[in-house]
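Trainee: My questions are about this predicted structure, shown below with the sequence.
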Amino acid sequence: MNRTIFHVAAALAAVCALSACEAEPAPPTPVATNDGGNTDTAGTSTDAKDAVSGDVVGDATDSSDISKDGTADVTATCKPVCAKGTTCNTKVSPPVCEALPCGGLCKASESCKAEKCVDACDSLCKPDEQCDVANKKCVKQICDFPKAWGPNLQKMSKLAIAATDKGCDLDDDGKPNNVLGKIVSLYKEANTKLAETVADGTVVLILEPKGFKADGSKFDINLLIGDVDETNAKCDVTSETANCKYTITKLSYDGLTQTPGMCPALVTFKDATIKSTVLAAGGEKQKFALNIPLAGINLKLTISQARLNGKVANDKEWVTTKTGQVCGVIGKKDLEAAIDAVPPELLAQIGDKETVKGLVNSILKPDIDTDDDDKPDAISVALDFETVKAQVTGFSK
C-alpha cells in the first residue's frame, strides 16, 4: 500500500463532516433540502446547499508523496512541512511549497477570483438576496431566518470514524456495516486529526431538537453548522459542564425557499424518538450531502439511508449523548461523479481523475445493494459521536 493511498484515506477521514463546512478553516457541512419529511439533495441550487457538510481543510502535505510521473514517491517531501494554505509540489526537484488558490479556503461551490472566494453569483447578492447556484443569479429571499434557538441544544463534542465491526445493520444480515472504517486501519492518524478539529472548534455541529420529547413521541432534529462564539473563544467545547456559546451560519438554512415563513434547515432528521433514553432518527429515505477534502480539493458526496442513534443522559431534558452513531451509505456512482466534478487542474498533483478513482475504489469497495439487483453499489459509513449542552447566541459573521 503506497503512501498516496494513505493520504486519500486521510482526506476521507475528514468526513467530520457530517460531516461533512467553511469557516477558516472549513467545518463539516451536511447539505440537503426538505421534501415533506425526507431530507434529499434533489433540486438543491443554493450555495447553502453546498455548505452544510464536511469541508475541513486537509493536511497541507496531502499531495506530498507524488513523484514526477504522477505515481507515489515515498521519498519526496517538502522540508520543513508546508504551512496551511499551501501544498507540496513534488513534480519539481527539490519539492517546493506552493500557495493554494485563495489559501485553499474556498468551498466546493465557490471559485477563487483575484484571491477572493466567490460564489456562482460572484458574491454580488444583496443582504436580502440568496445566490441561485444553478442559474447563477441572485434571488430575493422570501423566508425569514430564525432569531432564537433551543432549548435542549446539543453540540457534537466527539467525532470519529467507527471501526469496521461497529455501525448500523444496513443490509439486515444481523451484522454492522462500515466499509469506511477501513480507513482507520490504513491510516492511524485519521481519527486523531478528526478529534483535533472538533476539540479546537474548527468543526461545530449543532443538533437542534424541535419539540423535544423523551417519551417515545416523534419530533424533528435540525443539524446546523456554526462557529464558537467570540465572547467565549477559550471555552472547552468538549466539556459536559461548560455549556459553551456558539453562532450558526446562515448556510445551515435554505434561503431560496419561495414561501413566506421560517427558512427550513437544510438537514432535518424527521420523526426522531427517544425511548428509555435511546435516541433513533432517520432511515431508508433520509439523505443529505457532505463536502470532504481530497488533497485540498472538496468533494460533494450524498449520504443515503442516513441514521442517527445514541443514548441520552435522562428522560427529562437532553443533557448529553453517549455511544452515538451516524450511519448511511455513499453510492459508488455518487463518489465517482464527485471526483469528475473537480476541475482537472486541481487534481494535477495527484494524477488524472481515473487514477484518483482507482485509489479511492481500491480502499472503499461497495458492500451495500441499494437498487435490489443483488450487486453491491454503495459503501457503508459509520461515525461515532458524543454531544454536550450548547447555547446559540445568533448568526456567525
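Mentor: Right, received. Where do you want to start?
Trainee: what kind of secondary structure is Thr355 in?
Mentor: helix (DSSP: H, G, I helix; E, B strand; the rest coil).
Trainee: The one 3 residues further on now?
Mentor: In the three-state summary, Gly358 is assigned as helix, counting by three-state DSSP.
Trainee: which stretches of this structure have low pLDDT?
Mentor: 1-76, 107-109, 290-299, 345-350 (pLDDT under 70).
Trainee: thinking Thr164 is in contact with Ile183, fair?
Mentor: No: using C-beta atoms under 8 Å, Thr164 is not in contact with Ile183, being 9.5 Å away. Any C-beta I mention is one placed from the backbone N, CA and C, and that applies to glycine too.
Trainee: So if I had to pick from those two, which one is more boxed in?
Mentor: Neighbours per residue, other C-beta atoms under 10 Å: of Thr164 and Ile183, the larger number sits with Ile183, 22 against 18.
Trainee: quick one: the more buried one is in a helix?
Mentor: Yes: assessed with three-state DSSP, Ile183 lies in a helix.
Trainee: can you pull out the helices in the stretch 101-250 of the chain?
Mentor: Along the stretch 101-250 of the chain, counting by DSSP state H, counting those that start in this stretch, helices occupy 182-186, 190-199.
Trainee: tally of neighbours for Asp374?
Mentor: Count around Asp374 with other C-beta under 10 Å applied: 6.
Trainee: Not counting sequence-adjacent ones, nearest residue to Ala370?
Mentor: Just so we're on the same page, residue 370 is Thr rather than Ala. Nearest in space to Thr370, with sequence neighbours left out and distances taken as C-beta to C-beta, 6 or more residues apart in numbering, is Ala378 at 5.0 Å.
Trainee: ok, how many other residues are close to that neighbour?
Mentor: Residues near Ala378, counting by other C-beta under 10 Å, number 27.
Trainee: Likewise for Thr86?
Mentor: If you count neighbours by other C-beta under 10 Å, Thr86 ends up with 19.
Trainee: For it, which residues are in contact?
Mentor: Residues counted as contacts of Thr86 (C-beta atoms under 8 Å, 6 or more residues apart in numbering) are 60, 97-100, 104.
Trainee: Please report how far it lies from Cys117.
Mentor: 16 Å (C-beta to C-beta, to the nearest Å).
Trainee: now do Gln305
Mentor: The value you get for Gln305 to Cys117, if C-beta to C-beta is used, is 33 Å.
Trainee: Of these two, which one has the most company?
Mentor: The neighbour count for Gln305 versus Cys117, taken as other C-beta under 10 Å, is higher for Gln305 (21 against 18).
Trainee: Just the buried positions in the helix or strand containing that one, please.
Mentor: Under the criterion of DSSP states H and E, Gln305 resides in strand 297-312. For strand 297-312, burial by neighbour count (16 or more other C-beta atoms under 10 Å) applies to 297-310, 312.
Trainee: same check, this time on stretch 169-177
Mentor: Buried positions in stretch 169-177, judged by neighbour count with 16+ other C-beta under 10 Å: 170, 176-177.
Trainee: Can I get that stretch in CSV? Just the C-alpha atoms.
Mentor: Presented in CSV, the C-alpha positions along stretch 169-177 are these (Å, rounded to 0.1, in the frame of the first residue of the first chain):
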residue,chain,number,x,y,z
ASP,A,169,-27.0,-3.1,10.1
LEU,A,170,-27.9,-1.6,6.7
ASP,A,171,-28.5,-4.9,4.8
ASP,A,172,-30.5,-6.8,7.5
ASP,A,173,-28.0,-9.6,7.9
GLY,A,174,-27.6,-9.1,11.7
LYS,A,175,-24.1,-7.6,11.3
PRO,A,176,-22.9,-4.0,11.3
ASN,A,177,-21.8,-2.4,8.0
